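[1] heads up, no residue letters with this:
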C-alpha cells in the first residue's frame with residue numbers, strides 16, 4: 001500500500017501544472033490591523049488625525065470643526081456642510097476628513113473599507129492612499145474609492161510619475177465598478193510586489209502591474225503608505241456644489257488591513 005502511494009505521488013508530480021515543492025505555500029492573507037469605530041463618540045487619535053486645509057480641490061474646504069466628525073453605532077460619520085457657523089472662515093463649505101499619516105502605515109497587503117455614501121450634487125467622497133515619504137506624483141497615489149454626485153459607480157485609480165508626468169496610458173491606470181448607491185459597499189486594494197489589485201464588493205475591477213521597466217516611477221508602491229478618508233465637496237472634476245443638497249455625509253463601518 002505504501003509503495004502504491006509513493007508511485008501515485010511521483011505520477012502526480014510529473015503532471016504539468018502540479019507543484020510538489022515543499023516550499024510551495026497557498027497565498028493567505030491574515031488580518032493584522034482593523035478599525036471598527038466602536039469608541040464612544042470619538043475616533044481613536046492614536047490612529048487618526050483630522051486632515052488640515054490645503055489649496056487643492058480635494059482639501060480646500062477641510063476643517064477641524066467638530067460637527068463634521070462623529071462616531072455613532074459603530075460608524076465614523078464625516079460630513080460636508082454649508083458654512084453658516086464659522087463667520088471668521090470665508091470658505092462657503094466645510095468638510096471633514098481623517099488620515100493615518102505618521103501614525104499607521106500600510107505596505108504590502110490588502111486594505112478594505114466598508115462604507116455607505118450619501119449622494120449630493122458636488123459631493124466627492126474618497127478613500128485613498130499616499131506615501132509616508134515622497135512628493136506627489138513621484139511617490140504614487142492609490143485611489144481605493146472616489147464617487148461623484150449621485151453616481152451608481154465608483155472610480156478606482158492610481159497616479160504616478162509614469163502615468164501623470166510621462167503621460168503613459170498603458171497599462172490602464174484606472175477603472176470603475178458598480179455600487180449600491182443607497183447601501184453599504186466594500187472597497188479594496190491589494191498591494192503586492194507584482195501588481196495592485198482592486199475590487200468592489202469582492203468583484204475584481206482592474207489590476208495595475210509592475211512592469212519592471214526603466215521608466216521612472218512606473219511602480220512606486222513597495223513602501224509605507226498612509227490612508228485618507230474624506231468627505232470632499234466641489235472641484236474641477238466633480239463640478240459645482242448645490243448648497244440646497246447639503247449637508248451630505250458618509251458612514252464608514254470599518255477599515256481592515258490584511259498582510
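    Now that the structure is in, tell me what you want to look at. Computed from a prediction, not measured in an experiment: that's the story for all the values here. Numbers count the residues shown, from 1 in each chain.

[2] who's residue 185 bridged to?
    residue 115 (DSSP bridges).

[3] Enumerate every residue touching it.
    114, 115, 116, 117, 154, 179, 200, 201 (CB atoms under 8 Å, 6 or more residues apart in numbering). The way it works is simple: take the backbone N, C-alpha and C, and place the C-beta from them, glycine included.

[4] since we're on residue 170, how many residues are nearby?
    Burial of residue 170 is recorded as 7 neighbouring residues (other CB atoms under 10 Å).

[5] where does it fall, phi/psi-wise?
    The phi/psi pair for residue 170 (degrees, to the nearest 10) reads phi -120, psi 130.

[6] And it, how far from residue 236?
    Going from residue 170 to residue 236 by CB to CB, to the nearest Å gives 25 Å.

[7] Quick check: which element contains residue 154?
    According to DSSP states H and E, residue 154 maps onto strand 153-159.

[8] buried sites along that strand?
    Neighbour-count burial for strand 153-159 flags 154, 155, 156, 157, 158, 159 (criterion: 16 or more other CB atoms under 10 Å).

[9] who does that strand pair up with?
    Here, using DSSP bridges, strand 153-159 pairs with strand 141-146 (antiparallel), strand 174-178 (antiparallel).

[10] would you list these in TSV and tack on distance to residue 206?
    Below are those laid out as TSV (distance: least, CB to CB, whole Å):
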stretch	distance to residue 206
strand 141-146	12
strand 174-178	4
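
[11] Of these, flag the one that's most buried.
    Highest mean neighbour count among the strands paired with strand 153-159 (mean count of other CB atoms under 10 Å): strand 141-146, with a mean of 23.

[12] Show me what the mean pLDDT comes to for it.
    Here strand 141-146 scores 98 as its mean pLDDT.

[13] what sits against the spatially closest residue to residue 209 that is not a sequence neighbour?
    Counting by CB to CB, 6 or more residues apart in numbering, residue 195 is the residue found nearest to residue 209 once chain neighbours are left out, at 4.6 Å. Applying CB under 8 Å, 6+ apart, we find residue 195 in contact with 207, 208, 209, 210.

[14] Report the separation between the first one and residue 219.
    What that stands for is residue 207. 12 Å.
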